[in-house]
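Engineer: just coords:
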């Protein structure tokens, strides 16, 4: 079974802090994604990566950056956390084009105070 | 831009009855469509998919129907069980770059199965 692991389940950070969310997958997938989930808005794509050191902006990239130095690891960085970034963050890994869908981590509930 | 809409934010169904969750999309250019299930404080899990060349795919209690002319998906769960209570998302792949799928999700429907 594919395993996608996010480093933290819950985080509380202060406004202005730099925040790192880490995600690791163990199935050698090339494609990895960061989404955030907010009530009534579904899952919105922040950034994705289709190879090491390759990244593309999603629908809501403002205030975020990403890093993919190794194939198995995809990091989301909040450069200066703000209260409107309080959300559930979900990392996903996918074997492109197979129809089997994405495999998600357990999520990180981030609260910015 | 691909738009995916789930117009019912919530649905309540009696145990043993059929649950029907709906999803509409705006672009027809994709090979398959997916449904995900999400419990609180967990990541979504893949539930079932359907190829665009089919109009129905069945997996146990779960059946997905695709009406391409109406650009409409539906997920049927029968019989519904209390463990089916969760948020359900439909997802459509879009903007393939370098072989990567970018999944666009609907807003989700919270399904509650009442004993």
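Structural biologist: That came through, no problem. Since the structure is predicted, the reported quantities are computational estimates derived from the model, not experimental observations.

Engineer: Those residues of chain A touching chain B, which are they?
Structural biologist: Applying CB under 8 Å from any CB of the partner chain, one finds that chain A approaches chain B through A:4, A:9, A:30-31, A:33, A:35, A:40-45, A:48, A:50-51, A:54, A:56, A:58, A:90-92, A:94, A:96-97, A:99-107, A:109. Every C-beta, even on glycine, is put in place using the N, C-alpha and C of the backbone.

Engineer: Give me the buried entries from these.
Structural biologist: For those, a burial check counting by 16 or more other CB atoms under 10 Å in any protein chain shown picks out A:4, A:30-31, A:33, A:35, A:42-45, A:48, A:50, A:56, A:58, A:90-92, A:94, A:101-105, A:107.

Engineer: Residue A:17 - how many residues pack around it?
Structural biologist: Residues lying near residue A:17 (other CB atoms under 10 Å in any protein chain shown) number 13.

Engineer: Which residue is the nearest non-sequential neighbour of it?
Structural biologist: Nearest in space to residue A:17, with sequence neighbours left out and distances taken as CB to CB, 6 or more residues apart in numbering or on different chains, is residue A:81 at 5.0 Å.

Engineer: Just give the number of residues close to residue 81.
Structural biologist: You didn't pick a chain, so chain A it is. Residue A:81 has 21 neighbours, counted by other CB under 10 Å.

Engineer: look at chain B instead
Structural biologist: Residues near residue B:81, counting by other CB under 10 Å, number 14.

Engineer: Surely it is in contact with residue B:13?
Structural biologist: No - assessed by CB atoms under 8 Å, residue B:81 is found out of contact with residue B:13, at 10.2 Å.

Engineer: among the residues of chain A next to chain B, which are in strands?
Structural biologist: Counting by DSSP state E, the residues of chain A next to chain B place A:4, A:31, A:33, A:35, A:42-45, A:48, A:50-51, A:54, A:56, A:90-92, A:94, A:102-104, A:109 in strands.
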